[in-house]
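S.K.: What would the 3D arrangement of this be:
(one chain, ligands or ions: 2)
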Amino acid sequence: MEKESGKAFDLYLFKRVLAFTRPYPITFLGTAVAAILLTLFSILTPLILKEIIDVAITQKERDLLLTLSLAMVGVLIGQVVCQLLFTYYANWLGESVIKDMRTRLFRQMIGFRMKYFSNSSIGVLVTRSVADLQRIGEIFSQGFFTIVADLLKMLAASAIMLWLNWKLALLVFAILPVILYATRLFQRAMKVAFIEVRAQVSNLNSFVQERITGMKIVQLFTRELVEAEKFRQINEKHKNAWLKTVWYNSFFFPVAEIVTSLAIGLVVWYGGLQNILDVGTEISGTLFAFILLIEMLFRPLRQIADKFNTLQMGMVAANRVFKILDTESRIEDLGTREVAHMQGAISFEKVHFSYEPGEEILHGISFKVNPGENIAIVGATGAGKSTIINLLNRFYDIDSGTICLDGHDIREYTLASLRRNIAVVLQDVFLFADTIANNISLVDPQITREEIEAAARQIGVHEFISSLPGGYDYNVKERGSMLSSGQRQLIAFLRAYMRNPSILVLDEATSSVDTYSEQLIQQASEKVTEGRTSIIIAHRLATVKKADKILVLEKGEVVEMGTHQSLLAQKGYYSKLYEAQFMAEEVF
Ligand SMILES: Nc1ncnc2c1ncn2[C@@H]1O[C@H](COP(=O)(O)OP(=O)(O)O)[C@@H](O)[C@H]1O
Ligand SMILES: [Mg+2]
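M.R.: Numbering: from 1, shown residues only. Ligands and ions are numbered 1, 2, ... in the order given. Just a heads-up that it's a prediction; the model follows:
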């Protein structure tokens, strides 16, 4: 049995999982001791029963009968107590391992570079951190320890049988291969079935996750029926995958039951026959003991198969979780330069960059921004404006060229120091399901409520926030869908302003807001950009007119650079863009 599983069982992987129990040696020991005591108690029962029948009853000894009966009750109670401790310890260990591993997984994921996330499905990552970890916990609560306890029990039962009557014992052992073979077939089938189950669960998760996130699109384009049909198909596959495991289960257990009955029948018949043929050998007590011992040997055997599945499933899950833990997908953080507040001089020199190898997005971008300067980047959608920002805060590393802040390559700074100095306000503001205050401070304990309010007053959003039910304690619920995009934008401005960054980036921050919010935002953005280097990416050229310098980006190249006036005078791409917008606005 052990050798059997040796092939299918990845010992290295298992050791790695087991290593997570190292912080809990006492519980580990407690579980082991409980398992051993459990075994001792369970083999005592048939032995006492044999004594009761062969000695106390046969020789009509009332006192002994009472003593043995009490002993039996004591043993049974001891067994229950050990079982209780065993279950509790094993589960405690499992839950602790889950907790530790899940924390590590999250720490690992939260440090991955952006590229990792654009290549992975949210559903899969959620499954890894929730369902898969549950399975790993079951290795301890239902898999490994119970298998060890069962093996102990079976070994003990076999030994006692041999000791009581070796002929009957051999008879029982003769039937073992049948059940072993059935167990092996069962395991193999279950392993394949469970891999399919995991895949289907993962599919189901990603699908639901995605549709809920994109519910507006689903409903706007009346895709409900189509999506429901797709879901029905995925669900069907999921059901079939599970049913396969159920089918194997419902087949295996009756077979095991029949084999057990067969063994009991054989022993009773053969043992009884011995007694009849050879009068004088008193065997009835032994027969009773054997019935219990056969149960002790065969029942765990059936469950071992079941436990083995749990173990197997946990190992599949562990393998997947370790794959993420082993993924090296962080932005190299080798810099040592720590600067609390930079001056804010930016320079890009011949920067080439591609998200995917062979598909270059930026083709040698060069520009300079002096400390305190206000520059604007304009250009069509997909020109590479946001990409420049992604590179500045090192969400991605460049292919060639250099990006410097205050004269030092951005890789010389620690990532934390670099990003602390740059605040970005995006078009699509992400809010956590939390209060406004926590969304602004991002739960930084160093930022007090007073500071938040003072900052809000300075940039002119205090009144708006106070007007919300609950003010700063207003809970924005998931993804901030209770607020308009303009309102979310204002919160994002405050979030950026609170950090007093050296460099402020507004990436189309004013693109999708109403006129009223726009005024507030205009006011806020003037305040926020005051006295610091800022980069404004905007569609509406009206908002960039005042910039010290305007960069015109086209297909990953800087095609023009200058002030509003000088660019208009050039009569190039910018002036065409401006005229087109100006005309469009005239119409209204
Ligand atoms: N994470 C990404 N992976 C691969 N390609 C991307 C990614 N983000 C943007 N791109 C591509 O890079 C180009 C520039 O995108 P972006 O910088 O977002 O443009 P802009 O902000 O000017 O509209 C586009 O062709 C876009 O498809
Ligand atoms: Mg963009």
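S.K.: Please, where are all the helices along the stretch 301-450 of the chain?
M.R.: 385-392, 415-420, 436-441, 449-458 (DSSP state H, counting those that start in this stretch).
S.K.: Same check on the stretch 451-588 of the chain?
M.R.: Under DSSP H, counting those that start in this stretch, the stretch 451-588 of the chain gives helices at 462-466, 485-498, 515-529, 564-570, 573-587.
S.K.: So Val505 sits against Arg419, correct?
M.R.: No. If you go by C-beta atoms under 8 Å, Val505 and Arg419 don't touch, sitting 11.5 Å apart. Glycine gets a C-beta too; all of them are placed from N, C-alpha and C.
S.K.: Looking only at neighbour counts, state which of the two leads.
M.R.: Using other C-beta atoms under 10 Å, the more surrounded residue of Val505 and Arg419 is Val505, with 24 against 17.
S.K.: among the helices of the stretch 301-450 of the chain, which is nearest Val178?
M.R.: helix 415-420 (62.1 Å; C-beta to C-beta).
S.K.: Go through the closest one and flag the buried ones.
M.R.: Leu415, Ser417, Leu418, Arg419, Arg420 (16 or more other C-beta atoms under 10 Å).
S.K.: From those residues, pick the one nearest Phe582.
M.R.: Among those, Arg419 lies closest to Phe582 (C-beta to C-beta), at 37.6 Å.
S.K.: Distance check, the closest one against ligand 1.
M.R.: 18 Å (C-beta to the nearest ligand atom, to the nearest Å).
S.K.: in the stretch 301-450 of the chain, which spans are strands?
M.R.: 346-356, 359-369, 374-379, 400-405, 408-409, 422-426 (DSSP state E, counting those that start in this stretch).
S.K.: Which one of those strands lies nearest to ligand 1?
M.R.: strand 346-356 (3.3 Å; C-beta to the nearest ligand atom).
S.K.: Contact partners for Gly562?
M.R.: Residues in contact with Gly562 (C-beta atoms under 8 Å, 6 or more residues apart in numbering) are Lys549, Ile550, Gln570.
S.K.: wait, which of the residues you listed is closest to ligand 1?
M.R.: Nearest member of these to ligand 1, counting by C-beta to the nearest ligand atom, is Ile550, at 14.6 Å.
S.K.: which SSE is the closest residue to Ser329 other than its chain neighbours in?
M.R.: Spatial nearest neighbour of Ser329, excluding adjacent residues (C-beta to C-beta, 6 or more residues apart in numbering): Tyr116 at 4.3 Å. Tyr116 belongs to helix 114-118 when assigned by DSSP states H and E.
S.K.: who touches that helix?
M.R.: By C-beta under 8 Å, 6+ apart, helix 114-118 touches Thr327, Ser329, Tyr355, Asn390, Phe395, Tyr396.
S.K.: Counting neighbours, what do you get for the last one?
M.R.: By other C-beta under 10 Å, the residues close to Tyr396 number 17.
S.K.: how close does it get to Gly382?
M.R.: 16 Å (C-beta to C-beta, to the nearest Å).
S.K.: And for the third one?
M.R.: Per C-beta to C-beta, Tyr355 is found 12 Å from Gly382.
S.K.: Equivalent analysis for the first one, please.
M.R.: Distance check for Thr327 against Gly382: by C-beta to C-beta, it reads 29 Å.
S.K.: Pull the contacting residues for the closest residue to Asn475 other than its chain neighbours.
M.R.: Of all residues not flanking Asn475 in the chain, Thr435 sits nearest, at 5.5 Å (C-beta to C-beta, 6+ apart). The contact partners of Thr435, taken as C-beta under 8 Å, 6+ apart, are Gly470, Tyr472, Asp473, Tyr474, Asn475, Val476.
S.K.: hang on, the earlier thing: out of the helices of the stretch 451-588 of the chain, which is the most enclosed?
M.R.: Of those, the one with the most neighbours on average (mean count of other C-beta atoms under 10 Å) is helix 485-498, at a mean of 23.
S.K.: Just list what that helix packs against, helices and strands only.
M.R.: Helices and strands in packing contact with helix 485-498 are listed as strand 422-426, helix 436-441, helix 449-458, helix 462-466, helix 515-529; criterion 3 or more C-beta pairs under 8 Å, 6 or more residues apart in numbering; DSSP states H and E.
S.K.: Using CSV, write out every CA atom in it.
M.R.: The C-alpha coordinates for helix 485-498 follow below in CSV (Å, rounded to 0.1, in the frame of the first residue of the first chain):
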residue,chain,number,x,y,z
SER,A,485,-16.9,59.2,-11.3
GLY,A,486,-16.4,62.9,-10.6
GLN,A,487,-16.8,62.3,-6.9
ARG,A,488,-14.5,59.3,-7.0
GLN,A,489,-12.0,61.5,-8.8
LEU,A,490,-12.1,64.1,-6.1
ILE,A,491,-11.3,61.5,-3.5
ALA,A,492,-8.4,60.3,-5.6
PHE,A,493,-7.1,63.8,-5.7
LEU,A,494,-7.2,64.0,-2.0
ARG,A,495,-5.6,60.6,-1.7
ALA,A,496,-2.7,61.8,-3.8
TYR,A,497,-2.5,65.2,-2.2
MET,A,498,-2.3,63.7,1.4
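S.K.: before we move on, back to that, want to try JSON lines for the helices of the stretch 451-588 of the chain, with distance to ligand 1 and mean pLDDT as columns?
M.R.: Shown next, in JSON lines, are the helices of the stretch 451-588 of the chain (distance: least, C-beta to the nearest ligand atom, whole Å; pLDDT from 0 to 100):
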{"stretch": "helix 462-466", "distance to ligand 1": "28", "mean pLDDT": "90"}
{"stretch": "helix 485-498", "distance to ligand 1": "17", "mean pLDDT": "88"}
{"stretch": "helix 515-529", "distance to ligand 1": "18", "mean pLDDT": "79"}
{"stretch": "helix 564-570", "distance to ligand 1": "18", "mean pLDDT": "91"}
{"stretch": "helix 573-587", "distance to ligand 1": "13", "mean pLDDT": "76"}
